[in-house]
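>>> Structure here, sequence nowhere to be found:
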């Protein structure tokens with residue numbers, strides 16, 4: 001099995017390891033080594049989410065199966081707890097079967113969030129280590145708000161719904177298709193940064209899946225391994 005290509009983003013307090021070809025599979029740690037270990041450890045859990053994908057998903061058995069193809073400096077976003085750096089690997093064109101496959105993987109991560117949220121209905125989520133943590137409803141509202149922002153970063157979404165999870169998702173998918181086939185503007189309408197298609201999918205998938213696993217773990221369905 002070829003090594004798993006990984007982008008490593010390292011900040012002052014936190015690092016993220018992200019699989020370049022498997023959107024949503026991105027984990028963090030206190031440093032680079034811990035992030036890579038967390039990524040590999042999450043492989044079986046990610047496999048459940050993308051079961052039946054084409055090509056078939058294969059997780060490395062240990063960190064020796066990982067190849068770091070790019071190292072990126074992190075920033076405040078990294079240290080806060082999100083992968084925030086755009087890699088050169090994210091700037092590759094995305095089209096044809098690969099585009100269809102990435103859309104399917106994004107949908108799989110959304111499905112994982114929906115399933116976790118449905119299973120947690122009526123369940124009081126356990127608090128975080130310092131007694132904090134959003135409620136189930138707040139998590140879902142937070143994800144929808146973030147996804148509206150990701151849609152704007154494509155530069156190809158003409159109308160972004162203010163609410164409605166499925167409507168926002170469809171707007172993202174339509175924007176992805178337009179961006180992948182017709183290209184993207186150099187900047188947003190107010191000069192805002194435009195994100196490459198791969199990065200938008202990778203970031204959106206990670207965010208949905210990260211909160212899906214949070215809901216699972218905090219509702220007592222701990223499969224973090």
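Perfect, I can see it now. It should be emphasised that the depicted structure is a prediction, and the values quoted were computed from it without experimental measurement.

>>> Show me the shaky parts of the protein.
Within the chain, the stretches falling below the threshold (pLDDT under 70) are 129-131, 221-225.

>>> Enumerate the positions of the longest helix seen in the chain that are buried.
Among the elements of type helix in the chain, defined by DSSP state H, the one spanning the most residues is helix 96-119. Residues of helix 96-119 classed as buried: 99, 101-103, 105-106, 108-110, 112-113, 116-117 (neighbour count, 16 or more other C-beta atoms under 10 Å). (C-beta placed from N, C-alpha, C; glycine too.)

>>> Kindly report the same for stretch 12-22.
In stretch 12-22, residues buried by neighbour count (16+ other C-beta under 10 Å) are 14, 15, 16, 17, 18, 19, 20, 21, 22.

>>> Tell me the one among those nearest to residue 82.
Minimum distance to residue 82 across these is 7.9 Å, recorded for residue 16 (C-beta to C-beta).

>>> Residue 38: what's its closest spatial neighbour, skipping adjacent residues?
Distances taken as C-beta to C-beta, 6 or more residues apart in numbering place residue 27 nearest to residue 38, at 3.8 Å, with adjacent residues excluded.

>>> Now the one you found. Its backbone dihedrals?
Comment: the main-chain dihedrals of residue 27 come out as phi -130, psi 160, following degrees, to the nearest 10.

>>> Would you agree it is in contact with residue 16?
Yes. Here residue 27 lies in contact with residue 16, judged by C-beta atoms under 8 Å, at a distance of 7.2 Å.

>>> quick one: common contacting residues for these two?
Shared contacts of residue 27 and residue 16, defined by C-beta atoms under 8 Å, 6 or more residues apart in numbering, comprise residue 35.

>>> Tell me where this protein has helices.
If you assign secondary structure with DSSP H, the helices in the chain sit at 32-41, 43-49, 76-80, 96-119, 136-154, 165-182, 197-218.

>>> mind listing what the residue nearest to residue 38 touches?
Residue 27 is in contact with 16, 17, 35, 38, 39, 41, 42, counting by C-beta under 8 Å, 6+ apart.

>>> And the furthest pair within those residues?
The largest separation in the contacts of residue 27, counting by C-beta to C-beta, is between 16 and 41 at 14.3 Å.

>>> Residue 109 versus residue 137, what's the distance?
Between residue 137 and residue 109 the distance, using C-beta to C-beta, to the nearest Å, works out to 20 Å.

>>> Residue 135 too?
Shown here: residue 135 relative to residue 109, a distance of 21 Å by C-beta to C-beta.

>>> Over to residue 82?
15 Å.

>>> on that earlier part again, closest to residue 150 out of the buried residues of stretch 12-22?
Nearest to residue 150 among these, counting by C-beta to C-beta, is residue 18 at 15.5 Å.
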